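Asker: Sequence unavailable; structure follows:
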Ligand code: SAM
């Protein structure tokens, strides 16, 4: 059972540093009665202490071998094991508010973060381990090189807090990259939101589709220059200079999408494996 060979395609880099494990569990601070959901329990490094503190734990694990051997690895832990892909998991099945925890598989960390945005209304918080570069991107301020679509979409719904970093040797096998633990807390319901979330996504996606280009070009299909200027947005500026509030204003002024319209993807959203 303990001879599990890490599967690269599942982004498996298991936490082995007791200090790091304790620091993550302390940051989450689970309490009895919390609905805690762990994404990718793996060999159970976080699962055991989380389950002990919360009393009960939901875990979502794609790897069938790991999902089936977890109870034997953690005897006595009250686990609800959901074997399957977190990207297809129906979080509506669990009683909110949810507390999500995960040392994420880095090859799909961006889609998982976007999934957390989708379920932000059901979350109390999320604590996730990310490749350091991704953590820097989601926490980045406007006007910096790290600020992009992922920053805007995450910061629109969450307060993003970069908690601490871990080196490769906290994991086995050791990845090539450094890692960061990040806390996401949903912004209060009173915070400004776009009238239409799809319009918000369209504007953000179009603006960052070619980040070196000026907004007058990237947003050409949605606004002419005069309209941009009237909305308080410099047509010669680039997307990375706009605040989340600017994107909300643009979304609220955005014309309806044409049927079947497909926007170009932001190449920076793709993620690579960590090892
Ligand atoms: N939590 C463990 C730890 O910290 O040692 C393992 C973390 S490892 C980086 C990522 C875990 O996510 C692995 O157990 C992997 O099998 C699992 N995983 C990978 N892709 C997944 C997916 N799409 N849905 C759910 N779990 C996934």
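Answerer: Nice, I can see it. This one's a predicted model, so the numbers in the text were calculated from it and none came from an experiment.
Asker: how about the helices of this structure, start to end?
Answerer: With helices called from DSSP state H, the chain shows them at 18-28, 47-54, 64-73, 109-118, 132-138, 149-157, 197-207, 215-218, 225-230, 244-252.
Asker: Can you add mean neighbour count and give those back as TSV?
Answerer: (Each C-beta comes from the backbone N, C-alpha and C, glycine too.) Formatted as TSV, the helices of the chain follow (neighbours: other Cβ atoms under 10 Å):
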stretch	mean neighbour count
helix 18-28	16
helix 47-54	21
helix 64-73	16
helix 109-118	19
helix 132-138	21
helix 149-157	24
helix 197-207	21
helix 215-218	19
helix 225-230	14
helix 244-252	20
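Asker: nearest to the ligand, of those helices?
Answerer: helix 64-73 (5.4 Å; Cβ to the nearest ligand atom).
Asker: what mean pLDDT does the closest one have?
Answerer: Average pLDDT, helix 64-73: 97.
Asker: Equivalent analysis for stretch 158-174, please.
Answerer: 98.
Asker: Now do the buried residues in that stretch.
Answerer: Buried residues in stretch 158-174, counted by 16 or more other Cβ atoms under 10 Å: 158, 160, 162, 166, 168, 170, 171, 172.
Asker: From what I see, residue 32 and residue 52 are in contact.
Answerer: No: the criterion here is Cβ atoms under 8 Å, and residue 32 misses it with residue 52 at 10.1 Å.
Asker: Get me the contact residues on this structure for the ligand.
Answerer: 10-15, 39-43, 45-46, 60-63, 66, 85-87, 103, 105, 108 (Cβ under 6 Å from any ligand atom).
Asker: Please repeat the previous calculation with a cut-off of 8 Å.
Answerer: Contact residues, the chain versus the ligand (Cβ under 8 Å from any ligand atom): 7, 10-16, 21, 38-47, 60-63, 66, 84-87, 89, 102-108, 112, 129, 171, 274.
Asker: What subset of the residues you listed is buried?
Answerer: Judged by 16+ other Cβ under 10 Å, buried ones among the residues of the chain next to the ligand: 11-15, 21, 38-47, 60-63, 66, 86, 89, 102-108, 112, 129, 171, 274.
Asker: Just the ones in strands from these, please.
Answerer: 14, 15, 38, 39, 60, 61, 102, 103, 129, 171 (DSSP state E).
Asker: will you turn the helices of the chain into CSV that also has distance to residue 93?
Answerer: Converted to CSV, these look like this (distance: least, Cβ to Cβ, whole Å):
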stretch, distance to residue 93
helix 18-28, 21
helix 47-54, 17
helix 64-73, 17
helix 109-118, 14
helix 132-138, 27
helix 149-157, 21
helix 197-207, 22
helix 215-218, 39
helix 225-230, 43
helix 244-252, 31
